[in-house]
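S.K.: Any chance you can model this:
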Amino acid sequence: MHRRLALGIGTAVAVLAAGAGVVVLTGPSAPAELAPAAAEPITTIAPGPAAEPPAVRTRIDRIDLAAAGSASGGLDLPQRATKPFSMLSVNWTDPAARPTGTLQVRTRSARTGKWTGWQDLEIAEERADLPVEAARRVGATEPLWAGRSTGVAARLAGTAGLPAGLRLNLIDPDATAGGQGGGQGGGEPVPSASSGGAQPPVSSGDAQPAASSPAAPPPAELPAVPSASAPAGPPVSSTSGAPAANSPVPLPPATGPVRAQLPPYVSRAAWKADESLVKDAISVAPQAKMMWVHHTGFRPDYTCTEAPSIVRGIQANDVKNDGLSDMGYNFLVDKCGTLYEGRKGGVDKAVIGAHSVGFNTASVGIALLGDYTSVPPSEAALTTIAQVAAARLGAYGFSPTSTAQMTEGAEGRKWPKGATVVFPRIAGHKDGQINTAGQYLTVCPGTQVYALLPDIRARSVQMITGLAAKSLSGGASVNGTFYVRTGVSINWTVDTSSASIARFELLRDGKPVATPPGTARSGYLPLTPGAHTVAVRAVHTSGGTAVTATYRVIADLTAPTLSGPTPALRTGTYSPTSIPVTAHFRAADNVKLWQVAATSPARVALPATATYWQTSMRPGATTTLTVTARDVPGNARTASVARRAAFLPETAAKRTGTWTARSGSAYLSGRALSATRKGTKLAYTFTGRAAALLFSRGSATGRADVYLDGKKVATIDTRAAATTHRQAVWVRSLSAARHTVTIVVAGTSGRPTVVSDGLAYVG
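M.R.: Predicted coordinates:
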């Protein structure tokens, strides 16, 4: 904001014309072709219901300055100790009764205990033009970032009395929920370019790949990726000075919108906005037609790790001290180029802020943290501002290098209320703040930034457009996650010409791991085992960036675990050449099992959830049973077991009582034994892991008791509606040892006969 009355009308118009700042048209009689279209309705965003204050909240301690008045009518607040604070401002009741002279403060560093020199507080100009906010207007200075402080002094000379309600606001943006002051820079860590620290949390509207079923592991095609999605972290930016005046960036002709992405940004949740402060509905215009560039006006000697605290302090000051509905700016940028979400809802809507009175509606307000009257902005900050302009204006179909027709919404200034005024779509705050005497009402955005507005406009059309991921390969996609073993190949498309692309950056977990040239359209990212995100960032030769959606990839080199297979005999019909078995196994994987297949004695494809398959073994021979489990990344494990299956004919059994021989081709070996008397026994002794008793069944056959190693384990009934032979009525898996299975005829009334056809076992 930064009010400073300096230039007369003649000088103002000349400077504006030279800087392509503003074209002034006549008021109500403006040419029809340049007049704005009929006003479209303003909509609103309701405040969040019962919003909770964040864990890190902002505390404001206020000092009534009336008692500090001097005999001369000025102000002298001696040095005093205070609770911790990092930002301060001054307010008074009547905005028209602002003090004459210069308000000055000095603060004591909490770290060193030393006092600063006297610092001027700039008078804040009027900002809000929506009725609900304008009605609460008070007199105010711009907030001053002091850094962590524990003492303050204030003075004001040369005034004829203090305005009513004069108070000093000490703002601690790092207080905890319990009211205790936090540490220096208590917000989310945001590193400077040289810090190499962790990146701050950013917006994540990243789409995941569509779900698919991996019928096979070849490359998985990905869906179209929205061009405006944000990456997993903001780029680390340079803090070098602005370009030299003798090396301007040429401005190519551009009449259409630039479909650029919004840069990565620190969301309100990430910088811990206090949503409970937002009590009013937030107004939304039908479109955003231009962007006002601001600076906040305090010295840019803050660190970028303090930026979230600064943003929290600005929100609290705007609402609690100045009476705004929320943060006045739509966006803020620190000197490292990191973007912060400002007034609620303004990331993707034309939210009406409180930053450029008279022209808030249908505009975007972006503020660079710091005073750039004499200090040049960083390259990173300029690039971020340009990219925000391209993205937000392009979203409504406007070229950032064209001009916008705006309607003056305030009284008492150069242009009558309701007049049509044409501005560059990217303009400095002071361009729209000229009083009736032709004087600038502010030096904002600072001399250094204002001189670079042509450079910002040029950068705004030098953006990456049409960047989208096309496919991932090297693994398989399941339910939106891509699985690989050691790395993933990613393919992408982009509309921007290769000559305008400085490089691509392959991002793994938000950080670049490879930098293919601007001609590349594919690349490979090696991955360590575990879950990762991958994306591609394109960097324009001007510094602008775009990022594909972020995709979730899991790398895994661990093969599935596999136990078995263990053959178990089945009930049902046996034949002289085939013994039916069920092969049991258990497969599991640390990531995700994909498929299981039996490969011996026959190949059978099985679902990943399978725990068995049915097959057969040849009697009298050794059969190898083999199963293979494979996970989604492609790791496999195979397990095999060799077992011998055999028949033990009834003639080999030990008989007790009377058993009668039967013959016929339907029996297993052409013969069988039958008995009718209760208590008659037939005992089979063998060494094996599984056994099955075979019987002939019919309507007249009866029951028998079964003993295993001398202990009764079952009573079976061989009765059946139709006559069948070689039927396994009793089966049992056993420990690998020598066993005896005994049949004892039960002597069933009316059908006492039991016909034994031998025993099958697996050794």
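
S.K.: got the contact list for the strand or helix carrying Thr624?
M.R.: Assigned by DSSP states H and E, Thr624 falls within strand 621-631. For strand 621-631, contacts defined as Cβ atoms under 8 Å, 6 or more residues apart in numbering pick out 483, 556, 558-560, 562, 564-565, 567, 583, 585, 587, 589, 591-601, 613, 615, 617, 636-645. Quick note: C-beta positions are derived from backbone N, CA and C, even for glycine.

S.K.: Derive a ChimeraX selection command for the buried subset of those.
M.R.: The buried residues among the contacts of strand 621-631 can be selected in ChimeraX (16 or more other Cβ atoms under 10 Å) with this line:
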select :483,556,559,560,562,564,565,567,583,585,587,589,591,592,593,594,595,596,597,598,600,601,613,615,617,637,639,641,643,645
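
S.K.: So which elements touch the helix or strand following the strand holding Thr624?
M.R.: Per DSSP H and E, the first helix or strand lying C-terminal to strand 621-631 is strand 636-648. Under the contact criterion of 3 or more Cβ pairs under 8 Å, 6 or more residues apart in numbering; DSSP states H and E, strand 636-648 touches strand 561-569, strand 579-588, strand 621-631, strand 681-697, strand 754-762.

S.K.: Show me what secondary structure element comes after strand 636-648.
M.R.: Using DSSP H and E, the first helix or strand after strand 636-648 is strand 654-656.

S.K.: Can you name the helix or strand that the nearest residue to Arg59 once chain neighbours are set aside falls in?
M.R.: Distance criterion Cβ to Cβ, 6 or more residues apart in numbering; nearest residue to Arg59, sequence neighbours excluded, is Ala175 at 4.0 Å. In the assignment (DSSP H and E), Ala175 maps to strand 167-176.

S.K.: returning to what we had before: does the residue nearest to Arg59 touch Arg57 like I think?
M.R.: Yes. Ala175 lies in contact with Arg57 (Cβ atoms under 8 Å); the separation is 5.5 Å.

S.K.: My reading is that Ala154 is in a strand; is that accurate?
M.R.: Yes. With DSSP: H, G, I helix; E, B strand; the rest coil as the criterion, Ala154 is part of a strand.

S.K.: Let me see the contact set for it.
M.R.: Contacts of Ala154 (Cβ under 8 Å, 6+ apart): Leu65, Ala68, Leu75, Asp76, Leu77, Val90, Leu103, Gln104, Val105, Leu168.

S.K.: ok so, going back, just give the strands next to the strand holding Thr624 in its sheet, each with its orientation.
M.R.: Strand 621-631 has the following strand partners under DSSP bridges: strand 593-600 (antiparallel), strand 636-648 (antiparallel).

S.K.: Okay, helices next: where are they in the stretch 401-550 of the chain?
M.R.: With DSSP state H, counting those that start in this stretch as the criterion, the stretch 401-550 of the chain has helices at 447-451, 453-460.

S.K.: Next, the angle helix 453-460 makes with the biggest helix by length in the chain.
M.R.: Determined from DSSP state H, the single longest helix within the chain is helix 379-394. Interaxial angle, helix 379-394 versus helix 453-460 (axes from the mean of the first three to the mean of the last three Cα atoms, to 10 degrees): 70 degrees.

S.K.: can you pull the alpha-carbon coordinates of helix 379-394 into CSV?
M.R.: C-alpha atoms of helix 379-394 as CSV (Å, rounded to 0.1, in the frame of the first residue of the first chain):
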residue,chain,number,x,y,z
GLU,A,379,14.0,-12.7,-10.2
ALA,A,380,12.0,-15.5,-8.5
ALA,A,381,9.4,-13.0,-7.2
LEU,A,382,9.0,-11.3,-10.7
THR,A,383,8.5,-14.7,-12.3
THR,A,384,5.9,-15.8,-9.7
ILE,A,385,3.9,-12.5,-10.2
ALA,A,386,4.0,-12.9,-14.0
GLN,A,387,2.8,-16.5,-13.8
VAL,A,388,0.0,-15.6,-11.4
ALA,A,389,-1.1,-12.9,-13.9
ALA,A,390,-1.0,-15.3,-16.8
ALA,A,391,-3.0,-18.0,-14.9
ARG,A,392,-5.7,-15.9,-13.3
LEU,A,393,-6.3,-13.6,-16.3
GLY,A,394,-6.0,-16.5,-18.7
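
S.K.: Give me the packing partners of it, helices and strands only.
M.R.: Looks like helix 379-394 contacts strand 290-295, strand 331-333, strand 363-368, helix 453-460 (3+ Cβ pairs under 8 Å, 6+ apart).

S.K.: Which among the ones you listed is found nearest to Gln433?
M.R.: When these are compared by Cβ to Cβ, strand 290-295 sits nearest Gln433, at 9.6 Å.

S.K.: ok, Gly530 - how many residues close by?
M.R.: Residues lying near Gly530 (other Cβ atoms under 10 Å) number 11.

S.K.: mind checking pLDDT for it?
M.R.: Gly530 carries a pLDDT score of 95 in this model.

S.K.: Beta-bridge partners for the nearest residue to it once chain neighbours are set aside, please?
M.R.: Closest residue to Gly530 apart from its sequence neighbours, by Cβ to Cβ, 6+ apart: Ala555 at 6.4 Å. Beta bridges link Ala555 to Val484, Gly530 when assigned by DSSP bridges.
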